[in-house]
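K.L.:
one predicted model, sequence on top.
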Amino acid sequence: MTDATRKWLDEVEARCAATDPGPWSHGPPCDFSTIVRVPTKDGEEVVLRVDMESDAAPEMLDFMCAARQDIPRLLALVERLGEALEMVRDADDDCRRDGLQTMPDMARQKIDRAWEGP
């Protein structure tokens, strides 16, 4: 993983950790607005009023509320996949060093590019 990718993942994780844990939820729209309920770390609740000026607003609210639970799971998946890629790269390096059969160069290049990050 490149330093830039690690830095970006750390920034995403820090932004997520700085928010309240959730689960976040929202109420039904009424009068062009709705509320988003965010449980706080100390057991309280923050209520945010959101204007509903778009037909896509319900979907955006669903996305926003789900993101608090989804992002940590996605970050964990990225970490696990990254560890798996490292293991495959290390095994390929060992095989190359020992003169054994290795993965095709095209596969190795794809793994290397995938690990470079955004």
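P.N.:
Perfect, I can see it now. In this text, all values refer to a predicted model and were calculated from it rather than measured experimentally.
K.L.:
now do the phi/psi pair for the residue located most distally from the centre of the chain.
P.N.:
Here the chain reaches farthest from its C-alpha mean at Gly99, the gap being 38.4 Å by Cα atoms, centre = their mean. Note on Gly99: backbone dihedrals following degrees, to the nearest 10 are phi 70, psi 20.
K.L.:
likewise for the one 3 residues further on?
P.N.:
In this entry, Thr102 is assigned phi and psi values of phi -120, psi 170 (degrees, to the nearest 10).
K.L.:
my read: it touches Arg96, true?
P.N.:
Yes. Counting by Cβ atoms under 8 Å, Thr102 does reach Arg96; the two are 5.1 Å apart. C-beta coordinates here come from the backbone N, C-alpha and C atoms, glycine included.
K.L.:
between these two, who's got more neighbours?
P.N.:
Set Thr102 next to Arg96 and count neighbours by other Cβ atoms under 10 Å: Thr102 wins out with 16 against 13.
K.L.:
helix/strand/coil for the closest residue to that one other than its chain neighbours?
P.N.:
In space, and not counting its chain neighbours, Thr102 is closest to Cys95: 4.6 Å by Cβ to Cβ, 6 or more residues apart in numbering. Following DSSP: H, G, I helix; E, B strand; the rest coil, Cys95 is assigned to helix.
K.L.:
and Cys95, how many neighbours?
P.N.:
13.
K.L.:
how far away is it from Pro72?
P.N.:
Separation of Cys95 from Pro72 (Cβ to Cβ, to the nearest Å) stands at 35 Å.
K.L.:
same thing with Val47?
P.N.:
On the measure of Cβ to Cβ, Val47 and Pro72 end up 23 Å apart.
K.L.:
again with Met87
P.N.:
23 Å.
K.L.:
hang on, Cys16 packs against Arg73?
P.N.:
No. Counting by Cβ under 8 Å, Cys16 stays clear of Arg73, with 10.5 Å between them.
K.L.:
quick check: phi and psi on Arg73?
P.N.:
Residue torsions, per degrees, to the nearest 10, at Arg73 are phi -70, psi -40.
K.L.:
quick thing: my sequence starts at 41, can you match it?
P.N.:
Right, with 41 as the first residue, what we last looked at is Arg113.
K.L.:
good, we can wrap up now.
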